[in-house]
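Undergrad: task: produce atomic coordinates for the following.
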Amino acid sequence: MSNTSKLKSWLQVIIDLLEAFFKSSKSTKRTWHQHVVPYKGNWAVRREGNKRITSKHRKQSTAINKAKRIAKQRKADVIIHRQDGTIRDRISFSEE
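TA: The predicted structure follows:
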């Protein structure tokens with residue numbers, strides 16, 4: 001096998017790897033669902049999949065209102081959790 005054909009085969013391997021990488025990254029679509037969760041004795045709004053909180057609030061009702069505003073803009077859902085972390089309710093804005 002000549003050096004030119006070896007180089008072409010390596011280039012093809014690299015191209016195949018890059019194509020596979022970019023195809024897989026497109027299929028993992030992130031959502032804009034907003035979770036209202038207990039946070040350090042208060043309440044927080046957190047985007048689904050994020051570790052960081054979007055905002056924190058003293059009352060759950062305030063956190064729910066903030067999550068609703070974001071979810072309406074992004075056509076997403078609001079998932080409301082209880083103090084123990086279990087899901088209490090889900091409000092969908094995706095069909096409006």
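Undergrad: list the residues that contact residue 87.
TA: 79, 80, 81 (Cβ atoms under 8 Å, 6 or more residues apart in numbering). Where C-beta positions appear, they are placed from N, C-alpha and C, glycine not excepted.
Undergrad: helices and strands of the protein: which one bottoms out on pLDDT?
TA: Every helix and strand in the chain was compared by mean pLDDT, DSSP states H and E; the lowest is helix 3-27, with a mean of 74.
Undergrad: and the helices in the protein?
TA: For the chain, applying DSSP state H gives helices covering 3-27, 60-74.
Undergrad: return the most buried member of those.
TA: Burial among the helices of the chain, expressed as mean neighbours by mean count of other Cβ atoms under 10 Å, is greatest for helix 60-74, which shows a mean of 18.
Undergrad: now do it: which elements does it pack against?
TA: On a contact count with 3 or more Cβ pairs under 8 Å, 6 or more residues apart in numbering; DSSP states H and E, helix 60-74 meets strand 34-39, strand 42-47, strand 55-57, strand 77-81.
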